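K.L.:
structure for this input, please:
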Amino acid sequence: MTEKTPASVWSNPVHFTAFGFGSGAAPVAPGTFGTLAAVPLWLFLAPLSTDAYLLTLIVAFIIGVWLCHQTSADIGVHDHGGIVWDEFVGLWIALFAVPVHWFWVLLGFALFRLFDIWKPWPIGWVDQRVSGGMGIMLDDVIAGIYALVIIQCLLYFFY
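P.N.:
Residues are numbered from 1 along each chain as shown. Alright, predicted model coming up:
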């Protein structure tokens, strides 16, 4: 069951951003909706140089740790389902250096969601043992890395 969306999401810019600009307020599957909302922003990131893209990921991660921690603390729910900034960053990691083509975006989306939901080791371990904003962000970062590795292998061998 999805937690109720706090009213502060619509009035507090920190909460609004942590909730993926409102995408995490979806009544069902907020993580999937948050990941979907990250795709249009990725279209602006994709043309960046490798260095600029990596710098953007690092900054988005650091800001995300703070956003997710602050929002969780404010609403009193650790890793509320609607907090989806971690999904944004995880997807952007999965789609690093991927051609801008619907197939690769769809594959990155599907693989990232698979790993984020399935939580194979160490994702599940991190999810259970690392607290605060770092814990909220880190499991999605690892899920993004898993998806990235698979996509990059496929690109290397078949593209």
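K.L.:
look up how far Ile93 lies from the nearest residue to Phe109 once chain neighbours are set aside.
P.N.:
Once flanking residues are discounted, Phe109 sits nearest to Thr35: 6.2 Å by CB to CB, 6 or more residues apart in numbering. Bear in mind the C-beta positions are built from the backbone N, C-alpha and C, glycine included. Using CB to CB, to the nearest Å, we find Thr35 at a distance of 12 Å from Ile93.
K.L.:
who has more neighbours, the two?
P.N.:
Neighbour totals were compared for Thr35 and Ile93, and Thr35 leads with 26 against 23 (other CB atoms under 10 Å).
K.L.:
the more buried one and Arg113 touch, don't they?
P.N.:
Yes - counting by CB atoms under 8 Å, Arg113 is a contact partner of Thr35 at 6.0 Å.
K.L.:
residues contacting the residue nearest to Phe109?
P.N.:
Under the criterion of CB atoms under 8 Å, 6 or more residues apart in numbering, the neighbours of Thr35 are Val84, Glu87, Phe88, Gly90, Leu91, Phe109, Phe112, Arg113, Asp116.
K.L.:
likewise Val100?
P.N.:
Leu43, Ala46, Pro47.
K.L.:
neighbour-wise, which of those residues leads?
P.N.:
In terms of neighbours by other CB under 10 Å, the contacts of Val100 top out with Ala46 at 16 neighbours.
K.L.:
now do that one, the pLDDT please.
P.N.:
At Ala46, the pLDDT value in this model is 98.
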